[in-house]
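J.: Test case, fold it:
(one chain, ligands or ions: 2)
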Amino acid sequence: MADFDTIDDLPADKRVLVRLDLNSPIEDGEPQDNRRFDRHAETVRELAEAGHRVVCMAHQGRPGRDDFTSLAGHAAILADHVGRDVAFVADTYGGEALDAIDALGAGEVLLLENTRMCEDELPEESPEEKAKTEFVRTLAPRFDAYVNDAYSAAHREHASLVGFPLALPAYAGRVMETEYEANTAIATREFDGPVTMVVGGTKATDVIGVMDALDDRVDRFLLGGVAGELFLRAAGHPVGHDVGEMDLFDEQWAENRELIESVLAERGDAVRLATDLAYEGPDGGRAEVAVDEIDEKTEGYLDVGSETVADYEPPIRDSDAVFVKGALGVFEDERFADGTVGVLEAIAETDCFSVVGGGDTSRAIEMYGLSEDDFSHVSIAGGAYIRALTGEPLPAVEALEAAAGRR
Ligand SMILES: Nc1ncnc2c1ncn2[C@@H]1O[C@H](COP(=O)(O)OP(=O)(O)O)[C@@H](O)[C@H]1O
Ligand SMILES: O=C(OP(=O)(O)O)[C@H](O)COP(=O)(O)O
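T.: Ligands and ions are numbered 1, 2, ... in the order given. Have a look, this model is predicted:
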């Protein structure tokens, strides 16, 4: 059991500041509905029904990336899931935000603008430093309590996650509580047979550090996505760098090059890389190329190829446990879903212990007609869940525990 207080411990009729994680895929500038809304709606509804004034904070994307947008569209989706109005104010802690907070009645819900639009939010610093920011010092006095429901962002030391628990009585929401319990229990589980981790997605920096930290707890890593291409680059193939407008590879290569090389040197036998890759061919359809035949990267590779999918299935089928973090390709586009769906189908058909994590990746389950029941646990957290597997503490969870210890 966690050592934090939960909303069961929250006294009645309070002004509550709630941190959610509504970070979602963005298509044509609009947030796409996903299970993060559904899961967080439970906490928001419970707080509103208990008569609290509920003010929600959340982030979307990272500054400088295409997915960095306003939360205006998120408020409407959240309202659908909560089953009551969710007002939105395009401000984080300025006059407009404070007026909207002050005007809120009992049982009403308000969503503030993307926390990452506020300068104080992002640099990762200690809770003490974050609690000193103007953002925290301005908002905290307007509230009686802080609730953190954003387990999936708990690996970040941002103001909205670690600063407020020092300034207000702090509680865990329902998602924080259930994800923490499930992921912590999984982290301590022992397996008799082979353990496999499928590693993909765009956040290579998160996953490569975890691959290194998990060391011999994982018998084999099956790679795809951006991390997969970076490993291919380290293995001497002319891929894993940005072409055209891309900005997914070069920066993450510079950050991780040494670590990738050391993982390959020490655990090379455990790392399986794609032998073919898929891209958009001249006719607009899916085209594939063998990695050995790539002389120069001129295409954006958007999925692992069919030979790779066939190679990855047998190790999955003979595993005792499979952990998935990140999609093997851009599965949102059906042409590039084969890698992600092939791996998920193999896991679903196998009687192993399985965890699928990540806001984006878990979405592939419902998009392609798979059932959540075919997996042991589907987490809405990606980076936080794999970090939990290493036994490394999550700063936002520690901040909640420290707050409980002070009472
Ligand atoms: N080769 C690739 N190029 C660009 N994007 C990719 C590639 N492979 C996977 N992706 C994208 O990665 C996303 C998931 O990335 P990430 O945020 O790391 O995972 P999660 O949200 O599951 O934690 C998917 O939405 C998918 O479109
Ligand atoms: O979506 C998230 O993480 P995830 O993609 O690892 O699940 C969280 O919202 C954290 O976002 P960040 O990785 O931009 O800090």
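
J.: buried set for the worst-scoring helix or strand of the chain on mean pLDDT?
T.: None of the helices or strands of the chain scores lower by mean pLDDT, DSSP states H and E than helix 359-367, at a mean of 88. The neighbour-count check on helix 359-367 (16 or more other C-beta atoms under 10 Å) flags 359, 360, 361, 362, 363, 364, 365 as buried. To be clear about C-beta, it is placed using only N, CA and C from the backbone, and glycine gets the same treatment.

J.: what do you get for stretch 134-152?
T.: 135-136, 138-140, 142-143, 145-152.

J.: How about stretch 2-10?
T.: 4, 5, 6, 7, 10.

J.: and what of stretch 197-216?
T.: For stretch 197-216, by 16+ other C-beta under 10 Å, it's 197-212, 214.

J.: Filter the buried residues of stretch 134-152 down to just the ones in strands.
T.: 145, 146, 147, 148 (DSSP state E).

J.: tell me which element the closest residue to the third one other than its chain neighbours falls in.
T.: Leaving aside its sequence neighbours, residue 147 sits nearest to residue 18 (C-beta to C-beta, 6 or more residues apart in numbering; 4.4 Å). Residue 18 is located in strand 15-19, with elements delineated by DSSP states H and E.

J.: Neighbours of the closest residue to residue 287 other than its chain neighbours, how many?
T.: Of all residues not flanking residue 287 in the chain, residue 281 sits nearest, at 3.1 Å (C-beta to C-beta, 6+ apart). Using other C-beta atoms under 10 Å, residue 281 is surrounded by 13 other residues.

J.: coming back round to it: nearest to ligand 1, of the buried residues of stretch 2-10?
T.: residue 4 (23.9 Å; C-beta to the nearest ligand atom).

J.: what sits against the closest one?
T.: By C-beta atoms under 8 Å, 6 or more residues apart in numbering, residue 4 lies in contact with 170, 171, 172, 176, 397, 400, 401, 403, 404.

J.: Out of those residues, name the ones that lie in strands.
T.: Checking the contacts of residue 4 against DSSP E, those in strands are 170, 171, 172.

J.: export the residues you listed to CSV and tack on pLDDT, distance to ligand 2 and neighbour count?
T.: Below are the ones in strands among the contacts of residue 4 laid out as CSV (pLDDT from 0 to 100; distance: C-beta to the nearest ligand atom, whole Å; neighbours: other C-beta atoms under 10 Å):
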residue, pLDDT, distance to ligand 2, neighbour count
170, 98, 19, 25
171, 98, 20, 27
172, 98, 17, 28
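
J.: any idea which of the residues you listed is closest to ligand 1?
T.: residue 172 (21.4 Å).

J.: Looks like that closest one contacts residue 150 (just checking).
T.: No. Using C-beta atoms under 8 Å, residue 172 is not in contact with residue 150; the gap is 10.1 Å.

J.: neighbours around the residue of the stretch 1-150 of the chain found nearest ligand 2, how many?
T.: Distance from ligand 2 to each residue of the stretch 1-150 of the chain (C-beta to the nearest ligand atom) is smallest for residue 23, at 3.4 Å. Residue 23: 25 surrounding residues under other C-beta under 10 Å.

J.: could we number from 39 for the rest of this?
T.: With 39 as the first residue, the last one maps to residue 61.

J.: and it, that's in a strand?
T.: No. Remark: residue 61 does not belong to a strand; assigned using DSSP: H, G, I helix; E, B strand; the rest coil, it is coil.

J.: give the contact list for it.
T.: Residue 61 neighbours (C-beta under 8 Å, 6+ apart): 74, 96, 97, 98, 99, 190, 191, 397.

J.: Format the ones in strands among the buried residues of stretch 172-190 as JSON lines; extra columns: distance to ligand 1 and pLDDT.
T.: Below are those laid out as JSON lines (distance: C-beta to the nearest ligand atom, whole Å; pLDDT from 0 to 100):
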{"residue": "183", "distance to ligand 1": "29", "pLDDT": "98"}
{"residue": "184", "distance to ligand 1": "25", "pLDDT": "98"}
{"residue": "185", "distance to ligand 1": "23", "pLDDT": "98"}
{"residue": "186", "distance to ligand 1": "19", "pLDDT": "98"}
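
J.: near ligand 1, which of the buried residues of helix 397-405 show up?
T.: For ligand 1, the contacts drawn from those by C-beta under 6 Å from any ligand atom are 397, 398, 399.

J.: thinking the first one is in contact with residue 72, fair?
T.: Yes. Applying C-beta under 8 Å, one finds residue 397 in contact with residue 72, separated by 6.0 Å.

J.: Find residues that contact each of these two.
T.: What both residue 397 and residue 72 touch, as defined by C-beta under 8 Å, 6+ apart, is the set 62, 63, 418.
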